[in-house]
Structures are given as structure tokens and as C-alpha cells.
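**Student:** Fold the following for me, if possible:
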Amino acid sequence: MQTSRIFLICTMQILRIARQRLILDFIQKSPKIYKPMYKYESHDKRILRELSIERYFTEWLDEHWVIMEKMLSSQELESINKDNFREYFANVYIELLQQNSLVHEKGDINSLPLLNKLLSKKIQQIEKILFLGEKDDKRWDVIETDIEKHRAFFNRKFRKFKEA
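**Tutor:** Below is the predicted model of the structure:
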């Protein structure tokens, strides 16, 4: 079979596997997708909901490269030139990232390792922001509890003062 045809078939398999995972996550109501939608449903937490969705799709896009590497390590593809296939798939991958507004220009394939690191860093940063948002929610709950406690204490003292 022609090398370019094998590359195309392998690329289509990678895209199919990733798309299947995406669809299954929605059909099976994956907590990675649905939990943030309910957890951050209020208007004041909209940004956390949007970041959660962005984290999910960034992870999904990053997963394409992981699937490709797993496929290359399988014995089925030991006869193909792995470097040539990586270069072939990199062009498709960069196009996919462009379509999802993560890359604005068609870059040099040699910059792909940097791009993969940036995707990983982006995921980490989104997770840190989400963690801080949740931490703020917990602090707010503590503040509200203190307010209620002080209000009850004040009302108790005020009633005693009124009765005296």
C-alpha cells in the first residue's frame, strides 16, 4: 500500500478515535463536561464554567497527539517511517488547532513540541484558576457563616438589652 495512503488511513483513525471519545463523553454525561455546567451555573460563576469547558476541549485536542504516539508504538505500524508520519500528522494536527482557534498561523512543524507543551501549560493554568475559584467559594461560605454567627450574637445581645 502507498505510504501516503497508509498515513491518511492512520490519521483518519486517530481523528475517529478522538471524535468517538468526545461523543461518548457527551452521551454518557461525563462528569468532566457536565459537573462544571451545574457547579458553575450561576451568572457570577460563568467564567469558571467557560474555563472548565475550555479545559475539556484543550485536553481533547491534546489527546490527538497522545493517540497518535500510542498508535505509532503499536506493532501494527512498525513498518512505516515514524518520523515521516509524525510530520504528516503534525500538519493535520496544526490544522485542527487552527480550526479551534488555538493556533492562528500555520507554523513550522518543528515548533510542535513547544505547542504541545503550551497546551499542557494552558490546561494546568486553567486548573489553577478553577482551584482558586473554588477556594474563593469556600472562603465566601466561611465569611457568610461568620456574618450569620455575628448577626445571631448581635440579636441575642440586643434582645437582652431590650428586656433589661
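**Student:** For residue 86, the count of nearby residues, please.
**Tutor:** Neighbour count of residue 86, defined by other CB atoms under 10 Å: 16. Yep, even glycine has a C-beta here, placed from its N, CA and C like the rest.
**Student:** Wait, it touches residue 68, no?
**Tutor:** Yes: when contacts are counted by CB atoms under 8 Å, residue 86 is listed as touching residue 68 (7.5 Å).
**Student:** contacting residues around residue 32?
**Tutor:** 25, 56 (CB atoms under 8 Å, 6 or more residues apart in numbering).
**Student:** What helix or strand is it located in?
**Tutor:** helix 31-39 (DSSP states H and E).
**Student:** Report the distance from that helix to the chain centre.
**Tutor:** 12 Å (CA atoms, centre = their mean, to the nearest Å).
**Student:** next SSE after that helix?
**Tutor:** Reading on from helix 31-39 to the C-terminus, the next helix or strand found by DSSP H and E is helix 46-73.
**Student:** quick check: mean pLDDT across that next one?
**Tutor:** Averaging pLDDT along helix 46-73 gives 86.
**Student:** which parts of that helix are buried?
**Tutor:** The neighbour-count check on helix 46-73 (16 or more other CB atoms under 10 Å) flags 48-49, 51-52, 55-56, 58-65, 67-68, 71-72 as buried.
**Student:** Which other helices and strands does it contact?
**Tutor:** Counting contacts by 3 or more CB pairs under 8 Å, 6 or more residues apart in numbering; DSSP states H and E, helix 46-73 packs against helix 3-27, helix 31-39, helix 82-99, helix 112-163.
**Student:** out of everything not next to it in sequence, what's closest to the residue nearest the centre of the chain?
**Tutor:** Residue closest to the average C-alpha location in the chain (CA atoms, centre = their mean): residue 55, at 2.1 Å. Excluding the flanking residues, the one nearest residue 55 by CB to CB, 6 or more residues apart in numbering is residue 126, at 4.2 Å.
**Student:** One more: residue 7?
**Tutor:** Distance criterion CB to CB, 6+ apart; nearest residue to residue 7, sequence neighbours excluded, is residue 88 at 4.5 Å.
**Student:** Residue 14 versus the one you found, what's the distance?
**Tutor:** Distance, residue 88 to residue 14, using CB to CB, to the nearest Å: 11 Å.
**Student:** neighbour count winner among the two?
**Tutor:** Neighbours were counted for residue 88 and for residue 14 using other CB under 10 Å; residue 14 has more, 23 against 20.
**Student:** That one touches residue 69, doesn't it?
**Tutor:** No: assessed by CB under 8 Å, residue 14 is found out of contact with residue 69, at 9.9 Å.
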